[in-house]
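Student: Predicted model follows, preceded by the sequence.
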Amino acid sequence: MIYDLRGVDYAFADQITALRSIHLQVGAGERLAIVGANGCGKSTLLYILDGLLFPTNGEAWAYGHRLTEEALGEVSFTSFFRQRVGLLFQNPDVQLFCPTVLDEIAFGPLQLGRPPEEALEQSREMMKMLGLEKIGQRSPHQISGGEKKKVALASMLAVNPDVLLLDEPTGGLDSRTQVWLVEVLSELHSIGKTIITATHDLSILEEIADRALVMEESHTITAEGSPKEILDDLRLLLRVNLIHEHVHIHEGFLHSHGHLHFFTHRHDHERKE
């Protein structure tokens, strides 16, 4: 088992609740989706799994070690953990700061002590794999949003982590880049990567996960199941604000039903002979 969270609470400044009583276990090679409306605590949960935040109450364990500031202050465990866990932030600008795309991708391997020539070679291979060769010498802040997301993903993959934590990975991407990203994630899973994705994009759920957790706006996990089971439970999706209820009058009757944003809404009328 990679992760074991036991009754985790988190509150910003000890006042603003972000997580409440989270129990979660994740095994190696799993594809897990954490779904919920904006503000329910999905990102905060990923930050705890990445060791960027620590529980206010409860315990978070990874690879048999309790995740605490003290544990991640030890060089040996920090090196071990950072080589195995990578986080893709929702906003790629948060993690892009080097002068060129090539430097950005090479930063992680260099920080882990790899020789410069080896780090640069790995970075060039990563750029080739993700189609970034043409922008290698450009500033990360002078490229498109989709390219920034690719660069951020490349900088994470350059250290070859076992666990990928993805925060709204399809946010702001055009349809073609979304399809590309889903295919990349499928390939990464096929070689044994553990992939944990926080998202409110239900259209990709069945393609990126085998198990899904649903968080509600009270910052707790309220349901768990296969992606199909979750998508079929419209009452649940309505309650946690992942779909909206559409009300209309049809043939003199008032109807209400849930809409997922990727559904096509249409009325079929009887054909008259």
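Tutor: Sure, I can see it.

Student: Could you grab the helix/strand/coil label for H23?
Tutor: strand (DSSP: H, G, I helix; E, B strand; the rest coil).

Student: The one 10 residues further on too?
Tutor: Judged by three-state DSSP, the three-state class of A33 is strand.

Student: So it sits against L205, correct?
Tutor: Yes - applying CB atoms under 8 Å, one finds A33 in contact with L205, separated by 5.8 Å. Any C-beta I mention is one placed from the backbone N, CA and C, and that applies to glycine too.

Student: what is in contact with the two at once?
Tutor: 199, 212, 227 (CB atoms under 8 Å, 6 or more residues apart in numbering).

Student: per-residue confidence at the last one?
Tutor: The score at P227 is 96. That number is its pLDDT.

Student: go on, the one 4 residues further on?
Tutor: If you check L231, the pLDDT there is 94.

Student: List the residues that contact it.
Tutor: 202, 205-206, 237, 260.

Student: now swap in A119 and tell me
Tutor: Taking CB under 8 Å, 6+ apart as the test, what A119 contacts is 106, 109-110, 158.

Student: quick one: pLDDT of it?
Tutor: At A119, pLDDT is 88.

Student: Could you look up the SS state of it?
Tutor: Per three-state DSSP, A119 ends up helix.

Student: likewise L238?
Tutor: Strictly by three-state DSSP, L238 counts as helix.

Student: if I pick the spatially most central residue of the chain, what's in contact with it?
Tutor: Note on the chain: the residue nearest the mean C-alpha position is L166, at 2.3 Å, using CA atoms, centre = their mean. Contacts of L166 were listed using CB under 8 Å, 6+ apart, and they are 87-88, 185, 195-199.

Student: ok, A33 and L205, which is more surrounded?
Tutor: A33 (26 against 20; other CB atoms under 10 Å).

Student: Could you check what's spatially nearest to that one, not counting adjacent residues?
Tutor: A209 (3.6 Å; CB to CB, 6 or more residues apart in numbering).

Student: what do you get for G136?
Tutor: Here the residue nearest G136, using CB to CB, 6+ apart, is L102, at 4.4 Å.

Student: Relative to G73, how far out is the one you found?
Tutor: 31 Å (CB to CB, to the nearest Å).
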